[in-house]
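Asker: fold the stuff below for me.
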Amino acid sequence: MVAELLQLRLRLLVNSFRRSPLGVFGILVGLAAAAAGVAAAWSAAAALHAQEDDYVRRMMVAVGALLLVSAFLVPLLFSRSVSLHPLAFRGYGIRADGIVAILLVFALTGPLLLMLAVAYASAQAWPDAASRDVALVAAPILFLIALFTVLIGRALGVALRNHPHTSRLIAFLSTVALIVGAGMVLVIAAQRIPELMWLVRLTGPMPFVHGYSGLLEETPIGMLWSAPWLASTTAERPDDAWAIIWIGAAIVVVLFAIWASIVGWQLRPTRRLRMTRRSLSTGWFGRLPSSPTGAVAARSFSYWLRDPRYRTVLAVLPILPIVILAAFAVGGVPFQYGVLVPLPVMVIVLAWSTVHNDVAYDSTAVWTHLAARTRGVQDRVGRIIPVLVFGIILIGIGVPLTAWGYGDAEIAPALLGVCLALLLGGLGVSSVSSARNPYPAPRPGDPAFQQPQIAGSSGGATQGFSILLILLVAAPALISSGLWLVNGGSWNWVALLIGAVSGVLVLVLGAGGGAASFDRRGPELLAFAVRH
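Answerer: I've put the predicted structure just below:
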């Protein structure tokens with residue numbers, strides 16, 4: 001049986017190359033990337049060999065914990081199906097434990113076997129013989145932990161496809177966890193990499209970075225990576241190191257039992273499944289008030305969370321700080337001042353991106369407003385509410401983080417004033433612009449950067465003029481903030497006051513002007529939407 005399974009597995013691997021040239025090229029690229037990853041792991045471990053034991057411990061624990069977390073989260077995020085489902089063996093009279101053994105053999109003879117090479121690479125990082133001996137014993141245990149973690153994550157990822165709302169929340173939390181883990185590894189590595197020494201400045205206002213590895217050592221995902229350090233000449237605790245090895249073996253048994261239970265649950269008779277009636281939900285329309293303004297806001301919320309044209313904006317926002325700070329680091333801008341830029345840029349992108357042309361993004365749906373005799377003020381306020389909610393959340397999170405990175409909490413009032421002016425002023429300017437000067441936009445459901453093939457103006461003048469107006473609204477708050485940076489004093493509170501007042505004033509005037517334009521130009525807006 002085992003020989004036949006191995007022959008079948010090898011035949012499947014060979015048959016994967018019997019496809020189109022493009023498919024074979026993709027497989028070869030994937031294999032090359034996997035080989036490069038293994039080679040990079042060995043090279044990085046060899047480079048750590050020359051470092052002191054304490055730095056090797058912190059680096060190995062941080063990287064190893066990130067690898068184990070990734071082994072669970074990456075399959076959880078991207079698994080849509082499994083190549084060999086347990087139910088495929090139900091017609092062959094094989095018992096559940098036999099199916100578990102078959103699936104395990106398939107996993108051990110596939111690409112996941114590359115993780116064994118990565119696990120053994122960690123032994124090259126430790127400088128003394130005692131540490132390397134413990135690392136060599138821990139390597140196969142780490143491989144098995146990673147293997148069963150991948151299998152469990154894949155099974156849960158496939159199951160979550162049937163629960164889209166839950167999967168979105170888990171995807172968000174998983175992405176945050178991976179970004180935080182990668183950032184911590186980067187900060188720890190920067191202590192020995194001259195090109196990344198600017199990241200070490202972050203450890204000043206972030207003291208928990210120093211205890212990051214120590215915290216992970218107390219968890220199952222980090223203890224085995226620190227076991228070689230316990231056997232080193234620095235710690236001289238070999239008994240504790242071998243005790244952790246036995247704990248790791250127990251973790252393997254527990255993970256195997258969890259995975260086998262999942263396989264057994266997948267093999268349960270389907271007649272025992274309860275049939276549930278799918279309930280219909282009105283989504284945001286059921287959560288917001290039953291009024292014209294609430295209906296417009298509900299539809300706008302649906303756009304922002306489901307339409308790819310709007311979701312692209314939300315996806316770009318987390319990338320902006322990374323790009324801006326990296327550009328400033330290359331240009332030699334001090335981090336203390338560079339950290340002040342990303343949040344205002346994110347706010348203006350959110351307040352301006354699609355809102356300044358929101359009527360055009362509605363396409364032919366704008367006729368529902370005219371048919372229902374929706375007033376312009378109801379339309380404007382309904383479109384403003386989602387962006388205002390997202391903007392308040394962004395500012396509420398971003399201002400403390402920016403003040404933390406700057407190193408002085410006194411910057412918070414000035415930064416808050418600038419962001420309020422950009423957010424509220426941007427919404428006011430965009431309310432007028434979208435009703436007064438719409439221009440052709442991507443169709444509903446199209447990618448955000450797919451421009452329509454329309455002869456004539458592409459809206460460049462409207463875009464540039466609206467951004468200029470938003471910056472003019474925020475100019476007094478920006479000038480007051482600059483005066484505080486130079487002279488100190490109470491200019492930070494002046495910036496807050498001016499920013500809030502100017503933002504509210506422009507928001508009220510802009511919403512009123514946009515409402516009047518919408519009421520007056522309703523037929524023209526409908527003709528524009530139908531034509532474009």
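
Asker: quick one: mean pLDDT for whichever strand or helix holds Val100?
Answerer: Secondary structure here is read from DSSP states H and E; on that basis Val100 sits in helix 96-108. Model confidence over helix 96-108, given as mean pLDDT, is 80.

Asker: so which bits of that helix are buried?
Answerer: The neighbour-count check on helix 96-108 (16 or more other Cβ atoms under 10 Å) flags 99-107 as buried. Where C-beta positions appear, they are placed from N, C-alpha and C, glycine not excepted.

Asker: biggest separation within those, which pair?
Answerer: Distances among these were taken as Cβ to Cβ; the most separated pair is Ile99 and Ala107, at 12.6 Å.

Asker: what kind of secondary structure is the residue nearest the centre of the chain in?
Answerer: The chain has Thr175 as the residue nearest its centroid, 3.9 Å off, counting by Cα atoms, centre = their mean. Reducing the assignment to helix, strand or coil with DSSP: H, G, I helix; E, B strand; the rest coil, the entry for Thr175 is helix.

Asker: if I pick it, what's in contact with it?
Answerer: Contact analysis of Thr175 by Cβ atoms under 8 Å, 6 or more residues apart in numbering lists Leu77.

Asker: repeat that for 10 Å
Answerer: For Thr175, the contacting residues are 73, 77, 318, by Cβ atoms under 10 Å, 6 or more residues apart in numbering.

Asker: okay if I get these as CSV plus distance to Ser481?
Answerer: Written out in CSV, the entries for those read as follows (distance: Cβ to Cβ, whole Å):
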residue, distance to Ser481
Leu73, 39
Leu77, 40
Pro318, 24
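
Asker: minimum pLDDT in the residues you listed, which residue is that?
Answerer: Minimum pLDDT across the contacts of Thr175 falls on Leu77, with 80.

Asker: thought it was touching Ser174?
Answerer: Yes - under the criterion of Cβ atoms under 10 Å, Leu77 is in contact with Ser174, at a separation of 5.6 Å.

Asker: these two - which one has more neighbours?
Answerer: The residue with the greater number of neighbours, taking Leu77 and Ser174 and applying other Cβ atoms under 10 Å, is Ser174; the counts read 20 against 17.

Asker: setting aside sequence neighbours, what's the nearest residue to that one?
Answerer: In space, not counting the residues next to it along the chain, Ser174 is nearest to Leu73; the distance is 4.3 Å by Cβ to Cβ, 6 or more residues apart in numbering.

Asker: count the residues that sit near the one you found.
Answerer: A total of 22 residues lie near Leu73 under the criterion other Cβ under 10 Å.

Asker: repeat for Phe143
Answerer: 21.

Asker: you'd agree it is up against Leu136?
Answerer: No - at 11.9 Å, Phe143 and Leu136 do not qualify as touching, with contact defined as Cβ under 10 Å.

Asker: which residues are common contacts for the two?
Answerer: Here Phe143 and Leu136 share the contacting residues 119-120, scored by Cβ under 10 Å, 6+ apart.

Asker: for the closest residue to Gly426 other than its chain neighbours, give me its contacts.
Answerer: Residue nearest to Gly426 in three dimensions, not counting chain neighbours: Ala351, with 2.9 Å by Cβ to Cβ, 6+ apart. Under the criterion of Cβ under 10 Å, 6+ apart, the contact partners of Ala351 comprise 384, 387-388, 390-391, 394, 419, 422-430, 470, 503.

Asker: distance of Ala351 from Ser79?
Answerer: Ala351 is 37 Å from Ser79, where distance means Cβ to Cβ, to the nearest Å.
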